[in-house]
Every structure is written in structure tokens, then in C-alpha cells.
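Q: Output the structure for:
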Amino acid sequence: MVGCGGNCPDAATQAGATSVAVTEPQATVVTPEENAPPGYEPAPESAADNVAPVKAEEGADVKFPEGASVAEAVAAIPKGTQRANIDTETLAEPLQEQKLWAPCNVGAQHFKVKVAVWNGRAVGVDVTTSNKALASCVEKQVRSVEWRDKVRSLNSVEYSM
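A: Alright, predicted model coming up:
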């Protein structure tokens, strides 16, 4: 029986042994919704690309420090939180509006801003410029922006002027 892998009916019959039926394990496909913990909800429909389901309780519990940098915003996200990627063009749209920068009297000055966006608002902002007053104004203006796509996922965008 060993030479046949235990599955040779002639060998089993010749040795006077009884045959045993062996069943193969069956693979079962389970969708995320069927195996989801209580409170699971898929991400809302939006113009976001590659939207992955996000657990509602994870998104609701994220607390970002007031006036956080992008690194601090990233650190506030619980490990294992799924991402919903919003394309860069969509994230940059509100930052390209010149009226946003009018209160800052930018003129010929240059700045670079990196923004972490969560649920349609800036939760982390880094401004790079040599003028501290301009940096403060740019940060204030960016934090006032409301993005149209509201997904409970952290996305970032950079803008230079």
C-alpha cells in the first residue's frame, strides 16, 4: 500500500485490507463583507481612484494633533488602516486656485506646501519658504480648504508656487 500512496485498490484488496475514502479539503471563497467585524462599512463612493474598504471604527477614532505636520498626521493613523487613494490632480485642485493665496500677498515670493488630507480636510501641513509670515499665512489658508472627496484615508499632495 505504501508504494501506491495508499490509493491502489488492487494492492489493498490483495492484502485483505479495507479501502478508506480520502476526501480533499475544499477551498471556500469568503468575501470581505461576509467575514467582516461588526461595524464594517465600505468606503463611500467618490471620485477617488482605487478605493479600498475602510473600517468605520478606525476612521472615527483617528485624532490628529492640532496644527500637525504631515509626519505627525501620518503617525496618528492606526497601523492596519486601509488606504483609499485619491489621484494627485484631484488633491491639487483647490490649491491651484489663485484666490486661495490672495490674503497672503505672495507676489514674487515662492513657497512649497505638502498637505496630508483626511476626510476632505487638511490634517497635516508643511510649508517651506524663507518668509515666516508667508509660511504662517499659507498654512492658515491650506487648513481652511475643504476637499470635495471625503474619504477616511490619508492622502498627501505637494504644491509649489
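Q: quick one: residue 115 and residue 122 touch, right?
A: Yes. Using CB atoms under 8 Å, residue 115 is in contact with residue 122, at 5.1 Å. Heads up, the C-betas are built off the backbone N, CA and C, glycines and all.
Q: ok, and for the longest helix along the chain, which residues are buried?
A: In the chain, with assignment by DSSP state H, the single longest helix is helix 132-144. Across helix 132-144, burial judged by 16 or more other CB atoms under 10 Å covers 134, 135, 137, 138, 139, 141, 142.
Q: From the contact counts, what lies against that helix?
A: Applying 3 or more CB pairs under 8 Å, 6 or more residues apart in numbering; DSSP states H and E, one finds that helix 132-144 makes contact with helix 98-101, strand 112-118, strand 121-128.
Q: Beyond that helix, next helix or strand please.
A: Later in the chain than helix 132-144, the nearest helix or strand by DSSP states H and E is strand 154-160.
Q: Mind giving me the packing neighbours of that following strand?
A: helix 70-76, helix 88-92, strand 112-118.
Q: how does it look with 10 Å?
A: On a contact count with 3 or more CB pairs under 10 Å, 6 or more residues apart in numbering; DSSP states H and E, strand 154-160 meets helix 70-76, helix 88-92, strand 112-118, strand 121-128.
Q: Residue 152 is nearest to which of those?
A: Nearest of those to residue 152, taken as CB to CB: strand 112-118 at 7.0 Å.
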